[in-house]
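Chemist: Requesting a structural model of the entry that follows:
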Amino acid sequence: MKYNVLSKPDFKKALLKKEIKTVCLNIKVPKHLKDFCKDKKYFIKTHGCQANYRDSEIYKGYFELLGLKETDILEKADFILINSCAVRQKAEEKVLSELGEIKQLKTKDKNKILILAGCMAQEEKNIRTIINSFNFVDLVLGTHDLNNLVRNLDLIITKNQQIIDVSSSSGCIYEKLPSKRDSKFKAFVNITYGCDKFCSYCIVPFLRGRQRSRSIESILKECKELEKSGYKEITLLGQNVTSYGKDLKDGKSFANLLDKVASLNIPRINFLTSHPFDFDYKIIDVIKKHKNIMRYMHLPIQSGCDSILKLMNRKYTFDEYASIIEETRKKIPDIRFSTDIIVGFPNETKKQNEESLKNIKKINFDGAFTFIYSPREGTTAAKIKDNVPRKEKTERFKKLTNILRESFSKSNQKYIGKTLSVLVDSISKTDKNFLSGYSHENLLINFKGNKDLIGSIVKVKVISEHIYFLKGEIVI
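Modeler: Okay, here's the model as predicted:
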């Protein structure tokens, strides 16, 4: 059977800047679809960043409208959706491996419907791979096309079609999307979609499109609904939250938005992810003003070497980055900083690497996500012929890891003996005798307690540190 290609990805179209339109959806599910979905189940596997996890909540919302029930057992699912990540090659390989495993389920039961969604769908090479080697996938759905899920399932079910629906250029912001939140006390709220930065190594603008900011009114409405529902933590979400509003051209900024959201009666406000180039020092004053804004900021540096930062098209120097950290810590001493760092950028010299490590050590980061550079087809950096062997990149990665481990341990030791406010997430994944949660400083803390405390904010005294988490005891 040939695929019905409704739309397909095109990186050139992804670069186009379009007029932003807000579309308020009025979703109607045909009765014959609800009848078909009666007593059936769905399974969703999510890879990648918080944006993907938020998208999966929307997919769940659509499935629930259809009358489907969620299952965490893959074999029992009638509808299987894999929400994919394409930021690194390993992430793509993992998804293709999963699809290969699911093929066995499809062979046993051809009525199962398999959907590949997310960032991998936005790459032309992956569409070719699906058509040529994974043509048991029923629907390939792009990041701009969540709103087409019901229409496409109708074609699959009633017309026995296989669909590729992946548009590359989006000027739309969809409001009133259905949603089934993964948590009843922590929520993601999208404030922007896409990104305009075009860092030379990054494929995100090609996959998620150009930046589109939601209106402050729409964001506040969603936050107020979450407040009314008793949510204790909201994370304002975007590929680059600090550039919020620049595309709206109405004078609104992220500092304005953060101030308004923090003025609501929500115990905790967080935001991800910030870009140093767009950082407005007014943000520091807003954080200081509001006690409910978490004392934590994720601010990716990517490299500590100015010449590498320039090749990365990051548009700031190390000193400019360091000044943000210094000024924030001066005004808010208890704030913690985490970051992203890429090791092994093409043709990085030994001297450049040493400069980067030296400067990163100066910052004394409290947390970090570290990666060995992975070329992404279509990006500027992928066109550079790299002369640094993989073995050398791995050695540099180890050096960075050692510096960061020392920094993390030093940071965590400051909290031993202190009592922190912890929002309890779940039973610990490593020890079922412990609960796990995050402090107001975004520190992961494990402690003994009754599972009835999940979803509540409790006081926990820190008794020991373990580099990547703390252990504590609940204070009655």
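
Chemist: Go ahead and report the secondary structure state at the closest residue to Asn147 other than its chain neighbours.
Modeler: Leaving aside its sequence neighbours, Asn147 sits nearest to Tyr174 (Cβ to Cβ, 6 or more residues apart in numbering; 5.3 Å). Every residue, glycine included, has its C-beta placed from N, CA and C. Per DSSP: H, G, I helix; E, B strand; the rest coil, the secondary structure class of Tyr174 is strand.

Chemist: Relative to Ser407, how far out is Tyr174?
Modeler: Note on Tyr174: its distance to Ser407, by Cβ to Cβ, to the nearest Å, is 41 Å.

Chemist: Show me the helices in the stretch 201-350 of the chain, by range?
Modeler: 204-208, 216-228, 254-262, 282-289, 306-311, 318-331, 350-363 (DSSP state H, counting those that start in this stretch).

Chemist: which one of those helices is the most hemmed in?
Modeler: Comparing these by mean neighbour count (mean count of other Cβ atoms under 10 Å), helix 204-208 ranks first with a mean of 24.

Chemist: So which other helices or strands are in contact with that helix?
Modeler: helix 11-14 (3 or more Cβ pairs under 8 Å, 6 or more residues apart in numbering; DSSP states H and E).

Chemist: got the CA positions of the helix it packs on in PDB?
Modeler: This file holds the C-alpha atoms of helix 11-14, laid out as PDB (Å, rounded to 0.1, in the frame of the first residue of the first chain):
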ATOM      1  CA  PHE A  11      13.700  22.600   5.400                       C
ATOM      2  CA  LYS A  12      13.600  25.600   3.000                       C
ATOM      3  CA  LYS A  13       9.900  26.100   3.900                       C
ATOM      4  CA  ALA A  14      10.800  25.700   7.600                       C
END
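
Chemist: same for it, what does it pack against?
Modeler: Here helix 11-14 touches helix 204-208, going by 3+ Cβ pairs under 8 Å, 6+ apart.

Chemist: Looks like Arg329 contacts Ser323 (just checking).
Modeler: No: Arg329 is beyond contact range of Ser323, at 10.8 Å (criterion: Cβ atoms under 8 Å).

Chemist: mean confidence score for the helix or strand harbouring Asn132?
Modeler: Using DSSP states H and E, Asn132 falls within helix 124-133. Helix 124-133 shows a mean pLDDT of 95.

Chemist: tell me which strands and helices it is in contact with?
Modeler: When contacts are defined as 3+ Cβ pairs under 8 Å, 6+ apart, helix 124-133 packs onto strand 162-165.

Chemist: Redo the helices of the stretch 201-350 of the chain as TSV? Include mean pLDDT and distance to Glu124.
Modeler: As requested, the helices of the stretch 201-350 of the chain are exported to TSV (pLDDT from 0 to 100; distance: least, Cβ to Cβ, whole Å):
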stretch	mean pLDDT	distance to Glu124
helix 204-208	93	10
helix 216-228	98	33
helix 254-262	98	33
helix 282-289	98	38
helix 306-311	98	26
helix 318-331	98	35
helix 350-363	98	33
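
Chemist: Ile476 is nearest to which of those helices?
Modeler: Smallest distance to Ile476 across those (Cβ to Cβ): 28.4 Å, for helix 216-228.

Chemist: Which of the helices of the stretch 201-350 of the chain sits closest to Ser179?
Modeler: Per Cβ to Cβ, nearest to Ser179 of these: helix 216-228, 9.5 Å.

Chemist: Can you list the helices and strands that that closest one packs against?
Modeler: strand 186-190, strand 233-237, helix 254-262.

Chemist: Paired strands for the second one, with orientation please.
Modeler: Right, strand 233-237. Strand 233-237 sits in its sheet next to strand 186-190 (parallel), strand 268-272 (parallel), going by DSSP bridges.

Chemist: Compile those into a markdown table and extend it with columns for mean pLDDT and distance to Lys361.
Modeler: Shown next, in a markdown table, are the strands paired with strand 233-237 (pLDDT from 0 to 100; distance: least, Cβ to Cβ, whole Å):
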| stretch | mean pLDDT | distance to Lys361 |
| --- | --- | --- |
| strand 186-190 | 98 | 33 |
| strand 268-272 | 98 | 25 |
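
Chemist: In a markdown table, list these along with mean neighbour count and distance to Gly449.
Modeler: Shown next, in a markdown table, are the strands paired with strand 233-237 (neighbours: other Cβ atoms under 10 Å; distance: least, Cβ to Cβ, whole Å):
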| stretch | mean neighbour count | distance to Gly449 |
| --- | --- | --- |
| strand 186-190 | 21 | 18 |
| strand 268-272 | 22 | 19 |
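
Chemist: Which one, of those strands, ends up nearest to Val286?
Modeler: Nearest of the strands paired with strand 233-237 to Val286, taken as Cβ to Cβ: strand 268-272 at 10.0 Å.
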